[in-house]
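[1] Please work out how this folds:
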Amino acid sequence: MSVVTPVLRTARLRLRPFSDTDADALFALHGNTRVMRYWDSPPWTERARADRFLASTRKAADEGTGVRVAVDRASDGAFVGWCGLTGWNPDYRSASLGYCLDEAMWGHGYATEAARALLGWAFDTLDLNRVQAEADTRNDASARVLEKVGFVREGTLREDCVVNGEVSDSWVFGLIRREWHPSAG
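    Here you go, the predicted model:
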């Protein structure tokens, strides 16, 4: 069962399906060492990675396992980054939240706004009961975003990733439907 990727609007953002024209912005985003410093994969060094990201995004929607949306600033159409729900399991009514924003867009509340919009859509449309997210324990900014939209830190995955050659821990966050408040934070 496929999932229709939504178009969502907030006060300052537009979340929309990716198009092939987003490849250059994706490559710049994922090629930035500061953006990728807490990811469990190195910065992209080849443009073909962006094309594979777009193909996997389409495949996930076609297979019904998740959605990723491009996030643009409503005022000028500038590419902010992306937000997604992956690992959607309709039997368990669960999915995992992820996001990645351009460094120039940090500190403006865009991640919180985009996550809140996508979560609202997901709880209503996909009838989710639980959304999970993970963040490197050194990534305080991402932890704050998750807590602002209502996630609770549930535990630590010890030494579960290797980030830039360094073994790293991750925090696990969960958001349960009955605790979801669209205006939280």
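
[2] moving C-terminal of the helix or strand of the chain with the lowest mean pLDDT, what's the next helix or strand?
    Here the helix or strand of the chain ranked lowest by mean pLDDT, DSSP states H and E is strand 152-163, holding a mean of 92. Following strand 152-163 in sequence order, the next helix or strand is strand 166-176 (DSSP states H and E).

[3] Now do that next one: everything it contacts.
    38, 40, 97, 119, 129-138, 143, 146-147, 149-162 (CB atoms under 8 Å, 6 or more residues apart in numbering). Every residue, glycine included, has its C-beta placed from N, CA and C.

[4] which among the residues you listed end up buried?
    38, 97, 119, 131, 133-137, 143, 146, 149-151, 161 (16 or more other CB atoms under 10 Å).

[5] Just these: which are in helices?
    Secondary structure assignment by DSSP state H places 119, 143, 146 of these in helices.

[6] which residues in this structure form helices?
    With DSSP H as the criterion, the chain has helices spanning 23-30, 48-63, 110-125, 140-148.

[7] neighbours around residue 28, how many?
    16 (other CB atoms under 10 Å).

[8] That one and residue 80: what is the separation?
    12 Å (CB to CB, to the nearest Å).

[9] if I look at these two, which residues touch both of them?
    Common contacts of residue 28 and residue 80 (CB under 8 Å, 6+ apart): residue 102.

[10] Just give me the closest of the buried ones among the contacts of strand 166-176 to residue 15.
    residue 119 (11.2 Å; CB to CB).

[11] residue contacts, the closest one?
    97, 131, 149, 175, 180, 182.

[12] Need the worst-confidence member of those residues.
    In terms of pLDDT, the weakest of those is residue 182, which scores 82.

[13] Might you report the residue contacts of that residue?
    Contacts of residue 182 (CB under 8 Å, 6+ apart): 116, 119-120.

[14] ok, these vs residue 67, which is closest?
    Nearest member of those to residue 67, counting by CB to CB, is residue 119, at 12.0 Å.

[15] any idea how far that closest one is from residue 39?
    Distance, residue 119 to residue 39, by CB to CB: 21 Å.

[16] and if you look at residue 64?
    From residue 64 over to residue 39 the distance is 26 Å, taken as CB to CB.

[17] Residue 160 now?
    Counting by CB to CB, the gap from residue 160 to residue 39 is 13 Å.

[18] low-scoring pLDDT stretches of this protein, where are they?
    Regions of the chain meeting the criterion pLDDT under 70 cover residues 184-185.

[19] How about the contacts made by residue 15?
    Per CB under 8 Å, 6+ apart, neighbours of residue 15: 6-9, 69-71, 83, 114, 117-118.

[20] Does it have any beta-bridge partners, and if so which?
    residue 8, residue 71 (DSSP bridges).
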